[in-house]
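> here is a sequence with its predicted model. Questions after.
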Amino acid sequence: MAAPVEVTRSTELQTNTGQTEGMIRKGAIIDKSDSISASIMIARPHTSSDIHHHGEQDTIVYCVRGRGAVLSEGGRKRQVLEKGDFALIPAHAEHQEVNDGDEEVEWIITRSGRVPIVENLKGWTAS
């Protein structure tokens, strides 16, 4: 028998997820499925995440609003996401989210794991 359909209301988003100064992360579908999770990330103007990766989890990013960037390849590659754009961040790929604009950026994050994995790094370790 299939599991029941579950809905998470905007008023039920979890704020007890890992946070970075200037970035707000809200869990939407966390620990409810064996294979997938979803959250919202809002980056305030002129902020960036720590350099990190998501272990064995693949990540899909969808830009809801604003203009932000993902840095990868040791910080040498910068890929801009604008409203309506998607990005795939493969498992173990070191990256950093950046909002160097004057408006908030909002992304929907979907990961291939029951609970999101975030491994913050002290700097770029892969080239």
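Alright, I've got the coordinates.

> wait, Lys83 sits on Glu103?
No - if you go by CB atoms under 8 Å, Lys83 and Glu103 don't touch, sitting 11.0 Å apart. Heads up, the C-betas are built off the backbone N, CA and C, glycines and all.

> what touches both of the two?
Arg65, Gly66, Arg67 (CB atoms under 8 Å, 6 or more residues apart in numbering).

> now which of those would you call buried?
With burial judged by 16 or more other CB atoms under 10 Å, the buried subset of the shared contacts of Lys83 and Glu103 is Gly66, Arg67.

> any idea how far Ile36 lies from Leu81?
In this view, Ile36 and Leu81 are 21 Å apart by CB to CB, to the nearest Å.

> ah, wrong one, I meant Thr11
From Thr11 across to Leu81, the span is 27 Å (CB to CB).

> neighbour count for these two, which is higher?
Neighbour tally, Thr11 and Leu81, criterion other CB atoms under 10 Å: the higher count belongs to Leu81, 19 against 5.

> and the residue nearest to that one when sequence neighbours are not counted, how many neighbours?
Leaving aside its sequence neighbours, Leu81 sits nearest to Cys63 (CB to CB, 6 or more residues apart in numbering; 4.2 Å). Cys63 has 19 neighbours, counted by other CB under 10 Å.

> which strand residues bridge Cys63?
Beta-bridge pairing of Cys63 under DSSP bridges involves Trp107.
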